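Colleague: The following block contains a protein sequence and its predicted model.
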Amino acid sequence: MSVERSRAYATHEREVGALNGWFMLVVNLALLIGAFYFFFATVAAAADGLLAPAQTGTRILLAILWLIATLIMLSGHFTLQPNEARVQILFGAYKGTVRKSGFHWANPFYARNRGKVAMGIGKVTSSSGHKTDGIVYKPLKTKISLRVHNFNSEKLKVNDKRGNPVEIAAVVVWRVEDTAQAAFDVEDYESYVQVQSEAAIRSIASLYSYDHGEEDELTLRGGGDEVAQALKKELQARLDKAGVVVEEARLTHLAYAPEIAPAMLRRQQAEAVIAARQKIVLGAVSMVEMALDELARKNVVKLDEERKAAMVSNLLVVLCGTEEASPVINTGTLYT
C-alpha cells in the first residue's frame, strides 16, 4: 500500500468534551435515592391497600428498571490524570477523544477496552481453576498515556556499511501525539514502537561504517549528532502511522562484535602507533633542520656535507628512538 493511500485510510483524532463528573454524580445519586423512595413508597401504599395489585406490580417493575438505569449511569464516571487521554468507542464506532484531566462522566456504554492482543505462550487459568500452558493476552485500554516514554533497545548485532559485524543499541524518547492513530491504525502501539525502533537501528547501522570511513564520510563512531538526527528521521517516518512523535533518538552502545573485536583492536593499535611515529618523525626533522640553521646562522661551526649527514643521523636516532641513546665518544675524526 502506498504512503498516500495509507494516509487516506488513517484515523485522525477528534477531541471532544465530557460532562462534569461531580455534577453528574449529584444527579445520579438523586436518581438513585428517587428510585429507592419510589420503590418503598409503592410497597407502603400497597400495604395500606391504596393500590390495586396490577398497579403495585407495574410500579415495582418501574422502580426496578429505574434503579437498574441509575446503576448503569453511575458506571459512566471516569477520571483522567494530566497527560492522559481516553478514546470514546460506542459499539465499535470512534466518537472522539477526551484529553482534559479531571473527573468526568460520559455515555456508560462507551467501551472500557479496545480489544486484546496476544503476548505469547504462558500460564493461563482454565475454567476449572487449574493453570495450564496457553496463549496469554494483554487487554488494550481505551485510556492512553500522553507522557514521554523511553525505550532502550537490546544490543543488536548488525553489519555496517563495510560488512563488519557490530553491536549497536539506542535509546528512543517518544510520546503519543494522535490517540486515534495509536488506538486504531496499529494493533499495539507500544509493541509497534519497539519493533520499528529496532528495524530503524538496523537500517541506520547498515548505512554507515563503524569508523575509518572515506574522506569527509560520516561514521557511526564519529558521526555523533548527524547519526542521531538520521536515526530520528528514520524512526519518525516509520512511526507516523501510529500517531507517535519521536522526541530524541541516540546511540547508547557501539562496539565491534566479539568475533572480530581482537583483530580490530590490533588494527586500531597499529594505526595509533603509525600515527604517533609520523608525528615523531615530522617533529624530529623540524628540530634537526632548526639545529642546522642555528649553527650556520651563528657560525658556531662549519660543517661539510658528510659532517651534516652524520649529525642528522645522530640527531634522528636520538629523537626517534624508543629508548635512551647511549653516547659514544669518538677519539678520532670522521675521516680516520
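Modeller: That came through fine.

Colleague: Setting aside sequence neighbours, what's the nearest residue to Met24?
Modeller: Leaving aside its sequence neighbours, Met24 sits nearest to Trp105 (C-beta to C-beta, 6 or more residues apart in numbering; 3.7 Å). (Glycine included, C-beta is placed from N, CA and C.)

Colleague: what do you get for Glu217?
Modeller: Of all residues not flanking Glu217 in the chain, Ser209 sits nearest, at 7.0 Å (C-beta to C-beta, 6+ apart).

Colleague: Can you verify my assumption that that neighbour contacts Val227?
Modeller: No. Counting by C-beta atoms under 8 Å, Ser209 sits too far from Val227 to count as a contact (11.1 Å).

Colleague: Now do the shared contacts for these two.
Modeller: Residues touching both Ser209 and Val227 (C-beta atoms under 8 Å, 6 or more residues apart in numbering) are Leu220.

Colleague: where does this protein dip in pLDDT?
Modeller: Counting by pLDDT under 70, the ranges of the chain that qualify are 1-10, 119-134, 136-137, 212-216, 258-276, 300-304, 308, 312, 314-336.

Colleague: and it, what are its domains?
Modeller: 3-105, 113-144, 148-259, 266-320 (automatic domain parsing).

Colleague: residues in contact with the residue nearest to Glu217?
Modeller: Taking C-beta under 8 Å, 6+ apart, we find Ser209 in contact with Asp160, Lys161, Arg162, Asn164, Glu217, Thr219, Leu220.

Colleague: can you give me the strands for the stretch 51-200 of the chain?
Modeller: Under the criterion DSSP state E, counting those that start in this stretch, strands of the stretch 51-200 of the chain are mapped to 77-80, 84-90, 93-98, 102-105, 113-125, 131-141, 143-145, 149-152, 156-159, 165-176.

Colleague: Lys279 and Glu15: what is the separation?
Modeller: Lys279 sits at a distance of 64 Å from Glu15 (criterion: C-beta to C-beta, to the nearest Å).

Colleague: swap that for Thr42, sorry
Modeller: 45 Å.

Colleague: Look at the two and report which has more neighbours.
Modeller: Between Thr42 and Glu15, Thr42 has the larger neighbour count (other C-beta atoms under 10 Å), namely 21 against 12.

Colleague: The more buried one: what secondary structure?
Modeller: helix (DSSP: H, G, I helix; E, B strand; the rest coil).

Colleague: Settle this for me: it is touching Ile60, isn't it.
Modeller: Yes. If you go by C-beta under 8 Å, Thr42 and Ile60 touch, sitting 5.7 Å apart.

Colleague: still on that earlier bit, tell me the one of the contacts of Ser209 nearest Ala30?
Modeller: Leu220 (66.7 Å; C-beta to C-beta).

Colleague: What is the neighbour count of Gly222?
Modeller: Gly222 has 15 neighbours, counted by other C-beta under 10 Å.

Colleague: try Val288
Modeller: Around Val288 there are 19 other residues, counting by other C-beta under 10 Å.

Colleague: Make sure it is indeed in a helix.
Modeller: Yes. Assessed with three-state DSSP, Val288 lies in a helix.

Colleague: From Phe184, how far out is it?
Modeller: 77 Å.

Colleague: What of Glu234?
Modeller: Distance of Glu234 to Phe184, given as C-beta to C-beta: 24 Å.

Colleague: How is Met311 classified with respect to secondary structure?
Modeller: helix.

Colleague: ok, back up a step: PyMOL command for the buried members of the contacts of Ser209?
Modeller: Applied in PyMOL, the following selects the buried portion of those according to 16 or more other C-beta atoms under 10 Å:
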select buried, resi 160+164+219+220
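
Colleague: Now tabulate the contacts of Ser209 in TSV and tack on distance to Phe91.
Modeller: Shown next, in TSV, are the contacts of Ser209 (distance: C-beta to C-beta, whole Å):
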residue	distance to Phe91
Asp160	52
Lys161	52
Arg162	57
Asn164	56
Glu217	57
Thr219	55
Leu220	51
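
Colleague: ok, which pair from the contacts of Ser209 is furthest apart?
Modeller: Across those, the longest distance by C-beta to C-beta is 14.7 Å; it joins Asn164 and Glu217.

Colleague: quick one, which of the domains of the chain is packed in tightest?
Modeller: Mean neighbours per residue, mean count of other C-beta atoms under 10 Å, is largest over the domains of the chain for domain 148-259, with a mean of 17.

Colleague: Roughly how far does the residue nearest in space to the middle of the chain sit from Trp105?
Modeller: Central residue of the chain (C-alpha atoms, centre = their mean): Val172, 2.4 Å from the mean position. Distance, Val172 to Trp105, by C-beta to C-beta: 37 Å.

Colleague: same deal with Pro53?
Modeller: Taking C-beta to C-beta as the measure, Pro53 falls 39 Å from Trp105.

Colleague: Might you report the residue contacts of the closest residue to Tyr110 other than its chain neighbours?
Modeller: Spatial nearest neighbour of Tyr110, excluding adjacent residues (C-beta to C-beta, 6+ apart): Gln88 at 5.0 Å. Applying C-beta under 8 Å, 6+ apart to Gln88 gives the contacts Val16, Tyr94, Lys95, Gly96, Thr97, Val98, Ala106, Asn107, Tyr110, Thr142.
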